[in-house]
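*Asks:* fold the stuff below for me.
(chains A and B)
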Amino acid sequence: GAGVSQSPSNKVTEKGKDVELRCDPISGHTALYWYRQSLGQGLEFLIYFQGNSAPDKSGLPSDRFSAERTGGSVSTLTIQRTQQEDSAVYLCASSQENTGELFFGEGSRLTVL
Amino acid sequence: QKEVEQNSGPLSVPEGAIASLNCTYSDRGSQSFFWYRQYSGKSPELIMFIYSNGDKEDGRFTAQLNKASQYVSLLIRDSQPSDSATYLCAVNMYGGSSASKIIFGSGTRLSIRP
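*Replies:* Reported below is the predicted structural model:
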């Protein structure tokens, strides 16, 4: 597609439920990144993929968070047993392999009640 | 120590003046550096990148890099009200030819007053 696409754009869930957030990167971009942004805060690194591999998962906040990427394209970020502190905007970005110049999606706003 | 540090601001600059935004980073091995602009309620967008020591100019924007001091800055000349946004400094932690971890600072909120 022309840009990075994320879905859903908004998700309201109850504490304890699982959620899945999806990211469809720009065609041909081999690198894909997930960040979290709480209100008024900077971008917190979660994970990045080079192809389908995730060389660095150190940013995932807990074992309730997991992510996968298939076919070198679409990625899914899964949060199990959501907590209120998980409420944030989850941003996905993609880039060509060796540029580091990120193109961001519009984000998925997650609200945990 | 945070990996990438910025003054959160707000930084208030009169219209037409030069806005100066600063960033320091902790990892001496970092190879590439980026400035993103984020308007309220929107996603970040890339405005500048710099890989080598010295200055890089693009229109009204100049990025400056000093690897010895682990310091990156962004100058905005002839500031306009439309420049009012949060500016995020980002650092590619490992470099090399493959993609790698990119860490963002917490951002500096810039306000251009008419």
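
*Asks:* I'd like the distance from residue B:54 to residue A:113, if you could.
*Replies:* 51 Å (Cβ to Cβ, to the nearest Å). Using the backbone N, CA and C atoms, a C-beta is placed for each residue, glycine as well.

*Asks:* ok, the most centrally placed residue in chain A to chain B distance?
*Replies:* With distances taken as Cα atoms, centre = their mean, residue A:34 lies nearest the centre of chain A, 3.5 Å away. The gap separating residue A:34 from chain B is 11 Å, by Cβ to the nearest Cβ, to the nearest Å.

*Asks:* which one is residue 90 nearest to, not counting chain neighbours?
*Replies:* This is for chain A. In space, and not counting its chain neighbours, residue A:90 is closest to residue A:108: 4.7 Å by Cβ to Cβ, 6 or more residues apart in numbering or on different chains.

*Asks:* that was the other one, I meant chain B.
*Replies:* residue B:34 (4.2 Å).

*Asks:* residues in contact with the one you found?
*Replies:* Neighbouring residues of residue B:34 by Cβ atoms under 8 Å, 6 or more residues apart in numbering or on different chains: A:100-102, B:46, B:48-50, B:89-92, B:102.

*Asks:* surely it forms part of a helix?
*Replies:* No: read with DSSP: H, G, I helix; E, B strand; the rest coil, residue B:34 is strand and lies in no helix.

*Asks:* surely residue B:70 touches residue B:23?
*Replies:* No: at 9.4 Å, residue B:70 does not count as touching residue B:23 under the criterion of Cβ atoms under 8 Å.

*Asks:* who has more neighbours, those two?
*Replies:* Just comparing residue B:70 and residue B:23: by other Cβ atoms under 10 Å in any protein chain shown the higher neighbour count belongs to residue B:23, 26 against 16.

*Asks:* need the three-state assignment for that one.
*Replies:* Here residue B:23 is recorded as strand under three-state DSSP.
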